[in-house]
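Student: could you work out the structure for the sequence below:
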Amino acid sequence: MIGRKEFVKGAVASVLAGAILLSGCSGGSLTTREKGAGIGALGGAAAGGIIGAAVRRPAAGALIGGALGLGAGALIGDQLQGHENTSYQQQQQINRNQADIERNRQEIQRVQRQRAEY
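Tutor: Alright, predicted model coming up:
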């Protein structure tokens, strides 16, 4: 069983790791990759702190867990961001295609009106 002192050390280390991570992301909105990295780092630090507290090394556990969580979260966030970018590009192409279809429809109607006049 972990003592209160070890638990508090782990919690403090987790909060500090999260504060450091979030303070570096102060410019503009976060990308999906950054959000994934942040969530992974915080989750990893919390889990690492708890596990580390069980072996009386909460700070080391939080740091190791935070680093591993950061890496895993960044990889997952990168994959999600890639999917978002692909979806955005596909939607832009769909919009361009719809605009072309509308222009062609209007051109067909114009030609049909001209034929009807002759």
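Student: for the residue positioned nearest the centre of the chain, which non-adjacent residue is closest in space?
Tutor: Centroid-nearest residue in the chain: residue 32, 2.2 Å away (criterion: Cα atoms, centre = their mean). In this structure, residue 32 finds its nearest non-sequential neighbour in residue 81, 4.0 Å apart by Cβ to Cβ, 6 or more residues apart in numbering. Heads up, the C-betas are built off the backbone N, CA and C, glycines and all.
Student: the one you found contacts residue 35, correct?
Tutor: No: with contact defined as Cβ atoms under 8 Å, residue 81 does not count as touching residue 35 (9.1 Å).
Student: mind checking which helix or strand the residue nearest to residue 39 when sequence neighbours are not counted is in?
Tutor: Of all residues not flanking residue 39 in the chain, residue 73 sits nearest, at 5.4 Å (Cβ to Cβ, 6+ apart). Per DSSP states H and E: residue 73 is located in helix 58-117.
Student: tell me the secondary structure at residue 36.
Tutor: The three-state label given to residue 36 by DSSP: H, G, I helix; E, B strand; the rest coil is helix.
Student: distance of it from residue 72?
Tutor: 9 Å (Cβ to Cβ, to the nearest Å).
Student: tell me how many other residues crowd residue 114.
Tutor: 9 (other Cβ atoms under 10 Å).
Student: which pLDDT does the model give it?
Tutor: Residue 114 is assigned 93 on the pLDDT scale.
Student: look up how far residue 106 lies from it.
Tutor: Residue 114 is 13 Å from residue 106, by Cβ to Cβ.
Student: where does this structure dip in pLDDT?
Tutor: Of all residues in the chain, those with pLDDT under 70 make up the ranges 1-27.
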